[in-house]
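Novice: fold the following.
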Amino acid sequence: MLGIGVSRVFGLVREQVVAFYFGRSAAYSAFIAAYKVPNLVRVLLGEGNLSASFIPVLAERMAAEEPAAAERLARGVLGLLLLTVAAVTLAGMAAAPALAWIVAPGFDPELRALVERLVVILFPTMALMVVGGWCMGVLHANGRFLWPNLAPVFWSVASAGALIAFVGRIDLEPVYVLAWGVVAGSVLQLAVQL
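Specialist: Numbering: from 1, shown residues only. As a prediction, the model looks like this:
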């Protein structure tokens with residue numbers, strides 16, 4: 001409960017920082033559009049299926065004191081996830097032009113081109129978050145709840161921190177700073193759980 005509460009507070013702070021830098025700008029609309037697809041895939045692969053199938057079975061094996069079977073299951077699922085997310089990530093990045101048309105149909109060509117570039121940058125976050133979902137499942141099955149629920153704090157800090165630290169200090173548009181901050185946050189969120 002503490003981890004979830006703290007992560008929600010940091011999420012609110014992140015949203016306020018993002019609103020300060022972008023408001024209702026076209027660039028932020030492009031970011032939101034670009035993040036839709038990898039986020040949807042992450043929810044389907046990482047949260048939906050893992051929560052419904054992997055975590056209960058792993059917890060059952062752990063409760064039955066079958067550590068070898070539980071470890072084989074966890075490693076097998078991780079291997080399958082890594083192959084799946086690698087293929088989906090590469091396909092998503094390659095399909096960025098088509099995805100930009102799907103998620104941003106009313107955008108002008110210049111803004112749709114921005115969506116396309118952001119899809120390429122943001123798509124790997126899906127893979128990182130899905131593997132993070134696997135980590136969360138393993139940690140929960142082992143009775144460890146604090147770190148997997150605190151991990152989103154690092155995502156929020158990196159996302160907002162990138163804007164605070166780099167906008168106006170490096171020669172990169174703020175929307176790209178945000179996108180790379182989200183990628184860095186996804187790496188940190190996974191690393192904390194590993």
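
Novice: buried set for the longest helix seen in the chain?
Specialist: Assignment by DSSP state H gives helix 109-141 as the longest helix of the chain. Residues of helix 109-141 classed as buried: 111-112, 114-141 (neighbour count, 16 or more other CB atoms under 10 Å). For every residue, glycine as well, the C-beta is placed using N, CA and C.

Novice: give the other helices and strands that it contacts.
Specialist: Under the contact criterion of 3 or more CB pairs under 8 Å, 6 or more residues apart in numbering; DSSP states H and E, helix 109-141 touches helix 26-42, helix 55-63, helix 67-94, helix 96-103, helix 146-166, helix 174-193.

Novice: list the buried residues in the third one.
Specialist: For helix 67-94, burial by neighbour count (16+ other CB under 10 Å) applies to 70, 73-74, 77-78, 81, 85, 88-89, 92-93.

Novice: what does the second one give?
Specialist: Applying a neighbour-count criterion of 16+ other CB under 10 Å, one finds 55, 57-59, 61-62 buried in helix 55-63.

Novice: can you redo those as TSV with pLDDT and distance to A19?
Specialist: Formatted as TSV, these follow (pLDDT from 0 to 100; distance: CB to CB, whole Å):
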residue	pLDDT	distance to A19
I55	78	34
V57	82	41
L58	82	39
A59	80	39
R61	81	45
M62	79	42
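
Novice: from the residues you listed, which is closest to A158?
Specialist: A158 lies nearest to I55 out of the buried residues of helix 55-63, by CB to CB, at 26.0 Å.

Novice: can you give me phi and psi for N142?
Specialist: Backbone torsions for N142, taken as degrees, to the nearest 10, come to phi -90, psi 10.

Novice: ok, it to C135 distance?
Specialist: For N142, the distance to C135 (CB to CB, to the nearest Å) stands at 11 Å.

Novice: shaky segments in the protein?
Specialist: 46-49, 51 (pLDDT under 70).

Novice: again, 80 this time
Specialist: Applying pLDDT under 80 to the chain picks out residues 44-55, 62-63, 65-67.

Novice: correct me, but V57 touches G76?
Specialist: No - counting by CB atoms under 8 Å, G76 is not a contact partner of V57; they are 11.0 Å apart.

Novice: show me what contacts L78?
Specialist: 131, 134 (CB atoms under 8 Å, 6 or more residues apart in numbering).

Novice: one step back: the longest helix of the chain to helix 174-193, inter-axis angle?
Specialist: Put simply, helix 109-141 runs at 10 degrees to helix 174-193, going by axes from the mean of the first three to the mean of the last three CA atoms, to 10 degrees.
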